[in-house]
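Chemist: Quick one: sequence plus predicted model below, questions after.
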Amino acid sequence: MKHLGILAHSTEGAALSFLSFCQEGFQRLGEHDHPDVTLDYIPFGRSMPAWDTGDHDAVRKTLAVSVDRLARAGADFFICPDNTAHLALGRPGPALALPGLHIAEVVAEQAARDGRTRVGVLGTSYTMDGPLYPRALGSHGIAAEIPDPEDRRLINEIIFSELVNGIFTAESRAAYVEIIKRLAARGCDAVALVCTEIPLLIKPADSPLPTLDSTRLLSTAAYDVATGLRPFPTWYGGSPTTP
């Protein structure tokens with residue numbers, strides 16, 4: 001089995017990814033068993049000034065340090081359970097020290113398998129306004145739909161003031177559900193929860209639309225790579241269509 005490296009960029013999402021990966025092993029391999037896994041986390045706050053100024057190249061350099069450390073720890077490949085971080089990982093630059101799975105590609109593959117045609121996208125403002133999901137979903141002929149500006153503002157505010165800090169309230173859950181209802185009214189047949197903390201707030205039973213849980217989908221895909229059930233990744237940063 002291959003050794004997974006988890007490149008953490010926000011606390012709650014990385015923790016959920018770690019737990020989900022290990023739980024896949026418990027379910028498929030047996031009690032207390034899973035492929036080797038190492039998590040590396042440079043505090044999120046060190047990258048926030050660069051995010052605020054749009055300096056994705058600076059964020060990429062910080063993330064690359066984590067990938068280097070994962071490689072030195074013996075990891076064979078990596079995942080980053082943070083959708084927004086892929087805006088930086090996708091920037092041109094030196095090849096990362098390990099190959100990785102691209103989270104938006106994993107989500108888009110599942111949407112295609114499910115036969116989706118129009119997917120609502122819920123994440124940080126960086127992710128909702130950025131090219132990740134229009135590109136990844138579009139490559140499968142699936143339209144990406146984002147909430148209206150005021151809904152995007154509210155989603156982003158709840159993520160950064162609550163979810164990344166481990167705060168999950170009934171009021172915020174109800175607000176997200178109303179936003180998903182509005183996406184359903186606009187013709188969406190699924191909603192992608194593409195801030196890795198959102199699945200901790202919105203469970204499938206809460207959502208008016210079928211959900212695409214980016215955190216758990218990525219962890220499952222990583223497990224499949226580690227156990228030889230999925231092809232070994234060839235993405236070393238930059239555009240996900242090229243190594």
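Modeler: Perfect, thanks for sending it.

Chemist: Pull up the gap between the closest residue to K181 other than its chain neighbours and W51, please.
Modeler: Leaving aside its chain neighbours, K181 sits nearest to P208 (4.9 Å; criterion: Cβ to Cβ, 6 or more residues apart in numbering). The way it works is simple: take the backbone N, C-alpha and C, and place the C-beta from them, glycine included. Distance of P208 to W51, computed by Cβ to Cβ, to the nearest Å: 31 Å.

Chemist: ok so, going back, checking the residue nearest to K181 next. Helix, strand or coil?
Modeler: State at P208, reduced to three classes by DSSP: H, G, I helix; E, B strand; the rest coil: coil.

Chemist: so who does it touch?
Modeler: When contacts are counted by Cβ atoms under 8 Å, 6 or more residues apart in numbering, P208 touches V177, I180, K181, A184.

Chemist: What segments of the protein are helices?
Modeler: Secondary structure of the chain (DSSP state H): helices located at 11-28, 48-53, 56-72, 85-89, 103-113, 125-129, 132-138, 149-161, 170-185, 198-201, 214-226.

Chemist: winner for burial among those?
Modeler: helix 85-89 (a mean of 26; mean count of other Cβ atoms under 10 Å).

Chemist: and it, what does it pack onto?
Modeler: helix 56-72 (3 or more Cβ pairs under 8 Å, 6 or more residues apart in numbering; DSSP states H and E).

Chemist: So which residues make contact with the helix it packs on?
Modeler: Against helix 56-72 from outside (Cβ under 8 Å, 6+ apart): 5-9, 38, 40-42, 46-47, 50-51, 78, 80, 85, 87-89, 91, 93-94, 96-98, 100, 237.

Chemist: before we move on, the earlier item: and the helices of the chain: which comes nearest M1?
Modeler: Checking the helices of the chain against M1 by Cβ to Cβ gives helix 214-226 as the closest, at 5.3 Å.
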